[in-house]
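# dropping the sequence and predicted coords here.
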Amino acid sequence: DWAAGGMRRHLAPELASWLAEPDAAVAAPGEENAEGPLLVRSFHQLHERQQIVLWHLYVEQEDLARVGLYAGVGQGVARRWSETAA
């Protein structure tokens, strides 16, 4: 719903293109796919500040300095967390 609404313009171009494909495998809430449940569970097990770093860096595609400010950590810490998760 978020991607279909007015917020779609905030998506990375690659993600928006993938979502526009007719055969894009997007699981509905409660529905499982090969990676979805494990990925979601793993993300939610991270510390909240690590979630903030990963979300803003990879989904929102913001720069490390800004992401660090959002999470309340330095740019170096944000970089280490993102590299560890990758």
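Okay, I see it.
# where along the chain do the helices fall?
Along the chain, the stretches classed as helices by DSSP state H are 13-20, 36-45, 48-54, 64-71, 75-85.
# would you turn these into CSV with mean pLDDT and mean neighbour count?
For glycine as for every other residue, the C-beta is placed from the backbone atoms N, C-alpha and C. Shown next, in CSV, are the helices of the chain (pLDDT from 0 to 100; neighbours: other C-beta atoms under 10 Å):
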stretch, mean pLDDT, mean neighbour count
helix 13-20, 71, 12
helix 36-45, 82, 11
helix 48-54, 93, 18
helix 64-71, 93, 18
helix 75-85, 91, 15
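# could you list the domains of the protein?
Domain ranges of the chain: 1-45, 47-86, per automatic domain parsing.
# would you agree Ala12 is in contact with Gln61?
Yes. Contact status for Ala12 versus Gln61: in contact at 5.4 Å, counting by C-beta atoms under 8 Å.
# contacting residues around Leu46?
With contact set as C-beta atoms under 8 Å, 6 or more residues apart in numbering, Leu46 has these partners: 54, 85.
# let me see the backbone angles for it.
Main-chain torsions, Leu46, degrees, to the nearest 10: phi -70, psi 160.
# what distance do you get for it to Gly68?
16 Å (C-beta to C-beta, to the nearest Å).
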